[in-house]
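*Asks:* Got a predicted structure plus its sequence, pasted below:
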Amino acid sequence: ARDVRRVRGRARKLLPQARTGVRPQAGTARTTAPVARVLMRLIDTYFYSVEAAPLAWSILRMMTECAPGGPSPELARAYSLGSLLAGMSSLKRLAESWSQEAVRITDACGSDGDRGWVQARVAVLRLSFGEWQAADAAATRAWILARDVGDLRSYTEDKLMNGLLDTARGRYEQALRHYQDAREASRRSGDRQLEWDAGVLASSVLVRVGRHEEAAAACREALVKFATMDQLSMRSEHCIALGTHSLAALRSGDSATAWDSAARAAALLAESMPVAYWVLEAIARTSEALFGLLEASRNVRDEHALERAAVVSRAAGQYARLFPIGRPQAHLSRGSVAWIRGDHRSAHRSWHRALAAAKRLQMPYEMARAHTEIGSHLPLDAPTRRLHLAQAAAIFGELGCTWDVTATIVLRDRALDGGVCDPHGA
């Protein structure tokens, strides 16, 4: 949390300074492009390795280096990146202003490739605030432009983003189609990293729709491949694979494997700040697995296991401070930690906040999860227990989350037959 505050605080001080207008100087435009290319490589490195402080520094440096040269594709990219940093720093107006400036510059002097690149960052900014229609429009335009100019890498990345966008809204079949498109494009281009990314993100959706064996197999394959790669540059993807593998193993009855993968995922989350928007997939799957294991085993006195869960909860809180779409998951995790520690009042307060945030952000899976947590942790004779669980089952059913539907119906019916409450043991 201290690292998040430090980066946000520094960005809030420096970002407005980077906006000061500077007149173009003779010869500057000629030298801007090479410097911008070097900085872009640094930014990519820090972004994929989830290193927040150097990432923020590189973005700000690119803005100040490109500004003297006047409008250019490089300056547009700098504004786009600056808008994302401003968004993560709770400077939404500045983020929107810079995002619009990037679009204006590329419309005036950029190529279709430049326009597609900027539109992808517009989509990320809108996605992070849960502005789904605007995000969808920009994301769709991004992959179409990338496809039309023959930029396979950007096309693949944009398809992955479209898949994440649909996942957040509970549109799982659409998400899987985007991931399949991304996988096919990465195979054509020979980009192994993006091919593995597509497989890992698809496995996260497969768990959602109850296809656990397929998800586990995809994760095992990815984890073997990740072992041969630079662990720093693939940290977030590695964490998603571990979290998904853990949840798939838990739901398939393999608790030992689930514990191992969840512990490894929690360790990775503890080592870095969640500056990439897709890290929510890692946080959510690892959280669901860990809390499911703790609830099912009644292992409330294992402080080591509880600390792992608390680590993931802290990561969820860090993510939510950078990306508002993470707020429902942060409240869900916080509530589960409170419940296991015996603070039941705080737990229910957090779960109700999760429900309110999920409704506000129109995130249906998180909404159903909140209903499940609230209902399953009420007394069996509580009048609202069955209501919450019935609402959860209905939402899960609409989303096609077959495992969740079955587990929630079992919990709901226990309220009728007087069975023992076990939120994750179905």
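*Replies:* Noted; the coordinates are in hand.
*Asks:* in stretch 391-400, what counts as buried?
*Replies:* By 16 or more other CB atoms under 10 Å, the buried positions in stretch 391-400 come out as 391-393, 395-396, 399. No exception for glycine: its C-beta is placed from N, CA and C like everyone else's.
*Asks:* Could you point out which of those is nearest to Glu366?
*Replies:* For these, the residue nearest Glu366 by CB to CB is Ile395; the value is 9.9 Å.
*Asks:* still on that earlier bit, nearest to Val275 among the buried residues of stretch 391-400?
*Replies:* Nearest member of the buried residues of stretch 391-400 to Val275, counting by CB to CB, is Leu399, at 28.4 Å.
*Asks:* Now for that closest one: which residues touch it?
*Replies:* Residues near Leu399 by CB atoms under 8 Å, 6 or more residues apart in numbering: 170, 172, 208, 364-365, 368.
*Asks:* how about the buried residues of stretch 391-400 in a markdown table, adding distance to Ala266?
*Replies:* Listed next are the buried residues of stretch 391-400 as a markdown table, based on distance: CB to CB, whole Å:
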| residue | distance to Ala266 |
| --- | --- |
| Gln391 | 30 |
| Ala392 | 26 |
| Ala393 | 29 |
| Ile395 | 28 |
| Phe396 | 26 |
| Leu399 | 26 |
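*Asks:* now, among those residues, which is nearest to Lys225?
*Replies:* Nearest to Lys225 out of those is Leu399 (CB to CB; 29.8 Å).
*Asks:* so what pLDDT did that closest one get?
*Replies:* Confidence at Leu399, expressed as pLDDT, is 98.
*Asks:* change the start of the numbering to 633 and stick with it
*Replies:* Renumbered: residue one is now 633, and that last one reads Leu1031.
*Asks:* low pLDDT regions in the stretch 733-882 of the chain?
*Replies:* Applying pLDDT under 70 to the stretch 733-882 of the chain flags the ranges 862-865.
*Asks:* My read is that Phe955 contacts Trp910, right?
*Replies:* No. Taking CB atoms under 8 Å as the definition, Phe955 is not a contact partner of Trp910, at 10.1 Å.
*Asks:* before we move on, the earlier item: so which of the contacts of Leu1031 are in helices?
*Replies:* 804, 840, 996-997, 1000 (DSSP state H).
*Asks:* any chance of the residues you listed in TSV, plus neighbour count and distance to Asp780?
*Replies:* Shown next, in TSV, are the ones in helices among the contacts of Leu1031 (neighbours: other CB atoms under 10 Å; distance: CB to CB, whole Å):
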residue	neighbour count	distance to Asp780
Tyr804	20	28
Arg840	26	32
Pro996	19	33
Tyr997	22	33
Ala1000	28	38
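*Asks:* Nearest to Leu796 among the buried residues of stretch 1023-1032?
*Replies:* Nearest to Leu796 among the buried residues of stretch 1023-1032, with distances taken as CB to CB, is Leu1031, at 15.9 Å.
*Asks:* what about the closest one, distance to Ala1025?
*Replies:* Computed with CB to CB, to the nearest Å, the distance linking Leu1031 and Ala1025 is 11 Å.
*Asks:* Just give me the neighbour total for Arg867.
*Replies:* 22 (other CB atoms under 10 Å).
*Asks:* got it, and Pro1015?
*Replies:* 9.
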